[in-house]
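Visitor: Structure, please.
(one chain, ligands or ions: 1)
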Amino acid sequence: MKTKFQEQIEEVTRSSIPMHMPGHKRNVAMLGDDLPYSVDVTEIDGADDLHDPEADGIIGSLCEKYSSLYGARSARPLINGSTCGILAGIRTLTSPGDSVIVARNCHKSVWHAIEICRLNPTCILPPITPEHGICDAITAEAIEEAFERSSGATCVILTSPTYEGVISDIDAISSVCKKHGAALFVDAAHGAHLGFSNLFPDFPRGADIAVTSLHKTLPALTQTALGLVFNEKYSSRFARNLGIFETSSPSYILMNSIAKCADILADGNALFDNYRTILDEFYASTNPSKLNLIKTDDIGKISISTRNTTFTGSSLADALRSRFSIEPEMVHSDYLLCMTSVCDTRETLSALSKAIMSLDEEAEYSDKKSIPSFITELPPAEIPLHDAVWLDLEGREDISDAYVWVYPPGIPILLPGEKVTEEIKNHLEMLKNSGISPKIIKTS
Ligand SMILES: Cc1ncc(COP(=O)(O)O)c(C=O)c1O
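Guide: Have a look, this model is predicted:
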């Protein structure tokens with residue numbers, strides 16, 4: 001069914017001759033209709049403006065719908081992914097040179113914000129779960145302890161939920177932030193579906209600003225996301241910063257997808273009920289004895305641990321692809337992650353269940369060494385990140401001149417300016433030996 005958004009776009013374009021961008025001029029007679037030319041417009045009269053939406057405009061009413069869906073003071077549709085919202089959100093909550101507290105397992109976009117905003121991070125290393133070696137939640141106590149280590153941090157930045165669905169207690173962390181007069185930014189890129197069913201915990205509303213990717217866990221096109229402001233005093237500053245990091249030629253195709261997703265969420269009870277049913281069926285029929293399902297706060301994230309088996313994450317992924325035509329979302333040394341959403345069906349989850357059970361039969365026990373998914377010691381920052389990226393560190397074996405991450409998830413194992421410790425070298429070596437190739441993004 002067409003969205004009201006699309007109907008309004010059709011209405012404003014119906015009888016006009018486009019003497020404006022885009023250059024395809026909606027000329028499907030010339031170009032064919034294999035691409036959605038006819039609904040791809042720009043900010044013409046009647047089509048509102050993403051960077052300055054009108055209260056009664058088509059984008060303004062989309063902002064309003066999302067504020068109410070997520071219980072935010074204001075909401076901004078994003079068409080450059082969560083990435084642009086993270087850059088804008090962190091710039092909104094800080095001033096250059098500020099001291100900030102950051103969970104070390106944040107996505108590269110957070111570290112890029114820290115780099116370009118010239119922030120000084122006090123890092124919190126998340127605990128690693130002993131059973132599966134994934135990053136666990138960041139506690140309010142760990143934040144409190146980080147405030148003691150930092151000199152007057154003005155902002156706390158963390159990821160919740162994580163890729164695997166681990167959720168931190170944002171309300172408790174928010175109280176600690178308030179006590180210290182600091183703002184709280186939450187990267188909830190993986191949590192757009194939270195709060196829409198009692199199947200999942202609530203969305204992290206205790207943040208001053210949170211960003212979430214609609215495209216990751218909800219029915220929306222790639223690149224669509226939301227910036228959600230829960231503390232009104234940051235609304236206009238966030239909007240201005242989005243103007244810096246987000247394109248000035250936003251795609252109406254993507255915005256239409258954001259509109260459609262809002263319609264689906266507003267009427268989503270049956271969809272989420274069905275999701276619950278098929279997930280329940282999946283878990284009831286999937287009881288591997290050697291492979292292990294990693295349970296997190298988000299039961300929609302199906303992570304399969306290969307620890308203590310002859311499989312690695314990579315070899316299990318190869319088997320899923322080549323023999324069961326299943327493409328996982330993320331592969332790590334000792335596990336892989338299959339993402340589900342309301343758009344999965346009984347058939348897709350049943351296929352996954354059968355594949356897991358069949359591969360479990362083939363798996364054998366192994367006493368191979370377990371590999372944590374992330375570093376377990378913080379490498380000292382010898383040179384501040386924002387300075388290190390401008391220095392020529394070529395030939396300095398002891399200090400990193402690069403961001404080093406495995407992609408996905410794109411979480412830096414090593415940051416520019418950090419000491420290349422023996423632990424880091426061993427970690428990178430272990431990853432390579434298990435078939436995972438870290439990417440090295442040189443800055444000098
Ligand atoms: C934790 C986290 N934050 C942010 C992002 C960036 O999201 P987007 O791809 O929507 O820009 C990602 C992408 O994978 C992510 O995993």
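Visitor: Now for Thr348: which residues touch it?
Guide: Thr340 (Cβ atoms under 8 Å, 6 or more residues apart in numbering). Placement of C-beta: from N, CA and C, glycine included.
Visitor: helix or strand for it, which one?
Guide: Per DSSP states H and E, Thr348 falls inside helix 346-362.
Visitor: With only the CA atoms kept, save that helix in CSV.
Guide: The C-alpha coordinates for helix 346-362 follow below in CSV (Å, rounded to 0.1, in the frame of the first residue of the first chain):
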residue,chain,number,x,y,z
ARG,A,346,8.2,-19.7,9.7
GLU,A,347,10.0,-21.1,6.6
THR,A,348,13.2,-19.0,7.0
LEU,A,349,13.5,-19.7,10.7
SER,A,350,12.7,-23.4,10.3
ALA,A,351,15.4,-23.6,7.6
LEU,A,352,17.9,-22.0,10.0
SER,A,353,16.9,-24.4,12.8
LYS,A,354,17.3,-27.4,10.6
ALA,A,355,20.7,-26.3,9.3
ILE,A,356,21.9,-25.7,12.9
MET,A,357,20.7,-29.1,14.1
SER,A,358,22.2,-30.8,11.1
LEU,A,359,25.6,-29.1,11.5
ASP,A,360,25.5,-29.8,15.2
GLU,A,361,25.3,-33.5,14.4
GLU,A,362,28.5,-33.2,12.4
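Visitor: from the chain's centre, how far out does it sit?
Guide: The chain centre lies 27 Å from the centre of helix 346-362; the measure is Cα atoms, centre = their mean, to the nearest Å.
Visitor: Please spell out which residues along that helix are buried.
Guide: Neighbour counts over helix 346-362 (16 or more other Cβ atoms under 10 Å) mark Leu349, Leu352, Ser353, Ala355, Ile356, Leu359, Asp360 as buried.
Visitor: What's the local residue count around whichever residue of the chain sits closest to the ligand?
Guide: Residue nearest to the ligand within the chain (Cβ to the nearest ligand atom): Gly81, separated by 2.4 Å. Gly81 has 21 neighbours, counted by other Cβ atoms under 10 Å.
Visitor: and it, what is it in contact with?
Guide: Ser213, His215, Gln223, Thr224, Ala225.
Visitor: I'd like the residues you listed as TSV, with secondary structure appended.
Guide: Shown next, in TSV, are these (DSSP: H, G, I helix; E, B strand; the rest coil):
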residue	secondary structure
Ser213	coil
His215	helix
Gln223	coil
Thr224	coil
Ala225	strand
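Visitor: Just put those residues in TSV and tack on distance to the ligand.
Guide: Formatted as TSV, the contacts of Gly81 follow (distance: Cβ to the nearest ligand atom, whole Å):
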residue	distance to the ligand
Ser213	4
His215	6
Gln223	7
Thr224	8
Ala225	5
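Visitor: Report the two of these separated the most.
Guide: Pairwise distances across those (Cβ to Cβ) peak at 8.7 Å, for the pair Ser213 and Gln223.
Visitor: Enumerate the residues of the stretch 201-350 of the chain near the ligand.
Guide: By Cβ under 6 Å from any ligand atom, the residues of the stretch 201-350 of the chain that approach the ligand are Ser213, Ala225.
Visitor: Run through the helices of the stretch 201-350 of the chain in chain order.
Guide: Remark: helices assigned in the stretch 201-350 of the chain by DSSP state H, counting those that start in this stretch are 214-217, 235-245, 252-266, 269-285, 313-324, 346-362.
Visitor: So which of those is the most surrounded?
Guide: The highest mean neighbour count among those, using mean count of other Cβ atoms under 10 Å, belongs to helix 214-217: a mean of 24.
Visitor: pLDDT (mean, whole number) over it?
Guide: The pLDDT scores in helix 214-217 average 98.
Visitor: before we move on, the earlier item: which element is encountered next along the chain beyond the helix holding Thr348?
Guide: Scanning forward in sequence from helix 346-362 by DSSP H and E, the next helix or strand is helix 385-388.
Visitor: Run through who's touching that next one.
Guide: Taking Cβ under 8 Å, 6+ apart as the rule, helix 385-388 contacts 111, 114-116, 118-119, 121, 399-401, 415-417, 443.
Visitor: ok, now stretch 24-31?
Guide: With Cβ under 8 Å, 6+ apart, stretch 24-31 has contacts from Thr13, Pro18, Tyr37, Ser38, Asp40, Val41.
Visitor: Identify the residues contacting the closest residue to Ser341 other than its chain neighbours.
Guide: Nearest non-adjacent residue to Ser341, counting by Cβ to Cβ, 6 or more residues apart in numbering: Thr217, 5.5 Å away. Counting by Cβ under 8 Å, 6+ apart, Thr217 makes contact with His190, Gly191, Ala192, His193, Gly300, Met339, Ser341.
Visitor: again, but for Gly243
Guide: Residues near Gly243 by Cβ under 8 Å, 6+ apart: His51.
Visitor: Of Ser213 and Gln223, give the one with the bigger neighbour count.
Guide: For Ser213 versus Gln223, the count of surrounding residues by other Cβ under 10 Å is larger for Ser213: 24 against 20.
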